[in-house]
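Chemist: Build me a model from this:
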Amino acid sequence: NLLLSRLDAELEEEKALRVKANLERIRLEVKREAQKLLAQAAQRQASETAAALAVSVVPIPSDAMKGRIIGREGRNIRTFEALTGVDLIIDDTPEAVLLSSFNPMRREIARMALEQLMADGRIHPSRIEEVVEKAKNEMKTFIYERGEEAALEAGVVGLKPGLVQLLGRLHFRSSYGQNVLKHSVQVAHLTGIMAAELGLDAALGRRAGLLHDLGKSVDREIEGTHVEIGVTLATRFGEPKEVIDAIAHHHDPENGETLYSVLAAAADAISAARPGARRESLEEYIQRLEQLERIALSFPGVDNAFAVQAGREVRVIVKPDRISDAKATLLAREIAGRIERDMNYPGQVQVTVVRESRAVEYAK
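Modeler: Model prediction:
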């Protein structure tokens, strides 16, 4: 068995090396055609969506700062993009750089980190790691504050800190182009008003309305529908049965056990149906980018994955101890094949596998 396992590993490595060699030869032969295809991909409809919805502009003190951000041989910009999962675009725009990502939380963390780096003046890979980590911690505080503000605006008191944190995450979540946190506050007001008119507990109605989409705060990290996740979270934090019922049945109120699920469903529909509240194209665009990342993360040896360039590229960070340079080429082909098989998309998607080995030691 040991001999067979060793032989299998050697054959796998040899196959990967041959695939890599053939790919290099093919790339040289079809370079002109590839450039044409990339030009077509750059004109995809999704790029227009990204320009309006997935780009943040960060002002810089002078154009000389652009060179410092890029760093020697591009080391700074590569480190920044790998740590944040955001595409940093540096072009001819005077005194400004662009941050591109479909995930608004990542984009905000990148903006905070970049502004701190420019203010500090020290821009190098190790400093970038420190500042990005600090920005992530500051983001947790920002999220909690947004949750507190939403609860205050909705007139809901007594929420546990963990629940407030989850609520604040909805600030960075959208559904068909509608901000979910603002939507939740609207639903809370509407549910409270209707509950009061019917002689029910208005405060309980507002609470049910505010938390009805709680599951959407983590539905991109946890398996299950936002309803199932929301019920689990509300139960864990000890929310009243009326609130849990409203979360569980705000899409099928006929199966609810209390009137609060009916009121939450009605308020949810009113908030979503108002003119200009939602755009289906944005939701489909976000779902496509999320699916790109899920496909890449499903392969063994993948540490992280980021969809960038409005979905024209997915960058895959692999574990260097599990994926060799040769196997990285094979992995890129396998991911591209899965994307072709499982997804519908305009143009083409570039799969970039990044493998980095790092040795760290401390002088004491």
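
Chemist: pLDDT weak spots in the chain?
Modeler: The model of the chain has pLDDT under 70 over residues 1, 30-54, 176-177, 273-283, 346-347, 358-360, 362.

Chemist: Quick check: the gap between G162 and N103.
Modeler: Per CB to CB, to the nearest Å, G162 is found 22 Å from N103. Bear in mind the C-beta positions are built from the backbone N, C-alpha and C, glycine included.

Chemist: cool, and S217?
Modeler: 14 Å.

Chemist: the more surrounded of these two?
Modeler: S217 (28 against 21; other CB atoms under 10 Å).

Chemist: Could you find the closest non-adjacent residue to the spatially most central residue of the chain?
Modeler: The residue lying closest to the centre of the chain (CA atoms, centre = their mean) is N103, at 3.8 Å. Nearest residue to N103 in three dimensions, chain neighbours excluded: G85, at 7.1 Å (CB to CB, 6 or more residues apart in numbering).

Chemist: residues in contact with that neighbour?
Modeler: Applying CB atoms under 8 Å, 6 or more residues apart in numbering to G85 gives the contacts 101, 103, 106, 304, 306, 308, 315.

Chemist: Count residues in the vicinity of the fourth one, would you?
Modeler: When you say that, I think you mean N304. 16.

Chemist: Against M343, how distant is the closest residue to it other than its chain neighbours?
Modeler: With sequence-adjacent residues excluded and distances taken as CB to CB, 6+ apart, N304 is closest to I317, at 4.4 Å. Here the criterion is CB to CB. By it, I317 lies 21 Å from M343.

Chemist: Same drill for those two, tell me which one is more crowded.
Modeler: Legend: neighbour count by other CB under 10 Å for I317 and M343, higher for I317 (19 against 13).

Chemist: Name the residues that touch the helix or strand where R78 lies?
Modeler: Counting by DSSP states H and E, the element that carries R78 is helix 75-84. For helix 75-84, the surrounding residues in contact (CB under 8 Å, 6+ apart) are 68-71, 86-88, 90, 101, 106, 109-110, 113-114, 123-125, 128-129, 132, 308, 315, 317, 354, 356.

Chemist: What subset of these is buried?
Modeler: Buried subset of these (neighbour count, 16 or more other CB atoms under 10 Å): 68-71, 86-88, 90, 101, 106, 109-110, 113-114, 123, 128, 132, 308, 315, 317, 354.

Chemist: correct me, but K136 touches A110?
Modeler: No. The criterion here is CB atoms under 8 Å, and K136 misses it with A110 at 10.4 Å.

Chemist: ok, longest helix in the protein?
Modeler: helix 125-154 (DSSP state H).

Chemist: quick one: that one to helix 75-84, angle?
Modeler: 40 degrees (axes from the mean of the first three to the mean of the last three CA atoms, to 10 degrees).

Chemist: List the buried residues of helix 125-154.
Modeler: For helix 125-154, the neighbour count (16+ other CB under 10 Å) marks 127-128, 131-132, 135-136, 139, 142-144, 146-151, 154 as buried.

Chemist: Then stretch 247-263?
Modeler: By neighbour count on 16+ other CB under 10 Å, the buried set for stretch 247-263 is 247-250, 253, 256, 258-263.

Chemist: Check what contacts it and list those residues.
Modeler: By CB under 8 Å, 6+ apart, stretch 247-263 touches 191, 194-195, 198, 200, 204-205, 208-209, 211-212, 214-215, 227, 230-231, 234, 241-243, 245-246, 264-266, 268.

Chemist: got the domain boundaries for the chain?
Modeler: 1-43+280-357, 56-145, 155-273 (automatic domain parsing).

Chemist: Out of those domains, which is closest to K364?
Modeler: domain 56-145 (18.0 Å; CB to CB).

Chemist: Check the offset of that closest one from the chain's centre.
Modeler: Domain 56-145 has its C-alpha centroid displaced from the chain centroid by 17 Å (CA atoms, centre = their mean, to the nearest Å).

Chemist: what's the span of that domain, first residue to last?
Modeler: Using CA to CA, to the nearest Å, the end-to-end distance of domain 56-145 comes to 22 Å.

Chemist: What of stretch 61-81?
Modeler: End-to-end distance (CA to CA), stretch 61-81: 21 Å.

Chemist: Repeat that for stretch 245-261.
Modeler: Using CA to CA, the two ends of stretch 245-261 sit 6 Å apart.

Chemist: same question, stretch 70-87
Modeler: First-to-last residue span, stretch 70-87, CA to CA: 12 Å.

Chemist: if we can go back for a sec, that's a strand at the residue nearest to N304, yeah?
Modeler: Yes. The assignment for I317, made by DSSP: H, G, I helix; E, B strand; the rest coil, places it in a strand.

Chemist: Give me the distance between it and K160.
Modeler: 35 Å.

Chemist: got it, and H226?
Modeler: Taken as CB to CB, the span from H226 to K160 is 20 Å.

Chemist: When these two are compared, which one has more neighbours?
Modeler: Between H226 and K160, counted using other CB under 10 Å, the more crowded position is H226 (22 against 12).

Chemist: In contact with the more buried one, which residues?
Modeler: By CB under 8 Å, 6+ apart, H226 lies in contact with 213-216, 219.
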